[in-house]
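Peer 1: The following block contains a protein sequence and its predicted model.
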Amino acid sequence: MFKREPAPLNPLVLIMKKNVNQSLASPDAFRRRPSQAEPTEHHYQECDSQGFVFVVESTFPGGLEWFASNRNWIHAKLKEHGAIIFRGFTNQAASEFHDWMITVCSRTLKYEGRSSPRTKVFENVYTSTDYPPDRRIPFHNESSYRREFPTFIAFYCARPAEGGGQTGLVRTDQMLGRIPESIRLRFEERKWMYVRNFQPGVGMSWQESFCTDDKAQIEAHCRRESMTFQWLSNVHLQTRAIRDPIIVHPVTGEKCWFNHACFFHRTSLDPDIRAMLEEQLGVEYLPTNSFYGDGGEIDAKTIDQIRQAYLVNSVNIEWQTGDLLLVDNIMTAHCRAPYQGNRLIYAAMA
């Protein structure tokens, strides 16, 4: 089911850089001969642990045909690196980004069981999280809180920010070596639980998160996702789910730190907002919060140590217009820096 063939077919001119923030080498050095329909040469520079992202730069406009014929090679590189940037290809509309995702990953997924607001711009293509630009979005693996989650997530840069707005990436298969052993063992033994409270005027509504206003459909969704649910009032829904914080990658066989424990923890809220919500709602009724699977509180020091582990060897992507970023969602976590300007990034999952 997860078999991928590593051999490339007629690869484009390729450059793998030590750091994705460095300028790519001039394409003039790799200009193709006019008689060739596709260049046959490709050039690599071995990357180190500070820049694991693989960069593919095109020296001439490329279409879906190249991606279709090199799909096995792309997935082999994704298995090796965890994330690939395709740079210098033709700019795309949302519909073309969807076609690209289908070509590379066969299908796209709806954004269900939502935890963050997004705007749908085309079939299974959404804006990246519609979150205030002055806020940082913490590291996370997309939908790791769900029983079923995407294997891949891709981003397309329609318009970069005027300042900031980098997408951070970090390998979760390397996280276990950075998290203190006592914390790792505690999570493996006790698992982790996330609690959500859907209340009018506070965070996402249950209608928005579950994409329906039918309570029966919501309850069926919760059962499929192995979530417990309780209607605390006619308009207040509370859900709980216990998940494994570490999973085995289905292709590489490596263990990966895969959860939203930091993302949902109440300390991820701005201190002023957290204090206000705790005073008004109580800790047990915050929009989101993380606990150990047995219901025990995860202390702030533990969360801070995990946050620091994310930062080690993370890479910041400086977006350029037209960039395509393909991410192995299990192997690689992502985040977003605050930004200025009218940044527009599309997202799709598979």
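Peer 2: That came through, no problem. Residues are numbered from 1 along each chain as shown.

Peer 1: Any idea how many residues pack against the nearest residue to residue 162 once chain neighbours are set aside?
Peer 2: Here the nearest residue to residue 162 in space, its sequence neighbours aside, is residue 341; by CB to CB, 6 or more residues apart in numbering that works out to 3.0 Å. In short, each C-beta sits where N, CA and C put it, glycine included. Residue 341 is flanked by 13 other residues according to other CB atoms under 10 Å.

Peer 1: So that it lines up with my notes, have the first residue be 664 from now on.
Peer 2: In the new numbering, first residue 664, that becomes residue 1004.

Peer 1: Now residue 1004: phi and psi?
Peer 2: phi 100, psi -170 (degrees, to the nearest 10).

Peer 1: same question for stretch 952-960, mean pLDDT?
Peer 2: For stretch 952-960, mean pLDDT rounds to 97.

Peer 1: tell me which residues in that stretch are buried?
Peer 2: For stretch 952-960, the neighbour count (16 or more other CB atoms under 10 Å) marks 952-956 as buried.

Peer 1: Residues touching that stretch, excluding its own?
Peer 2: Defining contact as CB atoms under 8 Å, 6 or more residues apart in numbering, one finds that stretch 952-960 is touched by 849-850, 853-858, 905-906, 923-929, 946, 961, 966.

Peer 1: Got the domain ranges for this structure?
Peer 2: Structural domains assigned to the chain are 690-833+980-1012, 842-973, following automatic domain parsing.

Peer 1: was I right about the residue nearest to residue 825 contacting residue 826?
Peer 2: Yes. Under the criterion of CB atoms under 8 Å, residue 1004 is in contact with residue 826, at a separation of 6.5 Å.

Peer 1: which of the domains of the chain sits most buried?
Peer 2: domain 690-833+980-1012 (a mean of 18; mean count of other CB atoms under 10 Å).

Peer 1: Quick one: distance of that one to the chain centre.
Peer 2: Offset of domain 690-833+980-1012 from its chain centre (CA atoms, centre = their mean, to the nearest Å): 10 Å.

Peer 1: returning to that earlier point: where among the domains of the chain is average confidence lowest?
Peer 2: Among the domains of the chain, domain 690-833+980-1012 scores lowest, at a mean of 81.

Peer 1: check which helix or strand covers residue 881.
Peer 2: Per DSSP states H and E: residue 881 is located in helix 878-887.

Peer 1: next SSE after that helix?
Peer 2: Using DSSP H and E, the helix or strand that follows helix 878-887 in sequence is strand 891-894.

Peer 1: Tell me the strands beside whatever helix or strand comes next after that following strand, with direction?
Peer 2: Following strand 891-894 in sequence order, the next helix or strand is strand 900-906 (DSSP H and E). Next to strand 900-906 in the sheet, as set by DSSP bridges, lie strand 855-861 (antiparallel), strand 891-894 (antiparallel).

Peer 1: Tell me which residues are up against the last one.
Peer 2: The contact list for strand 891-894, computed with CB under 8 Å, 6+ apart, reads 878, 881-882, 885, 900-904.

Peer 1: thinking again about what came up before, let me know the angle separating the helix holding residue 881 from strand 855-861.
Peer 2: Counting by axes from the mean of the first three to the mean of the last three CA atoms, to 10 degrees, helix 878-887 points 170 degrees away from the direction of strand 855-861.
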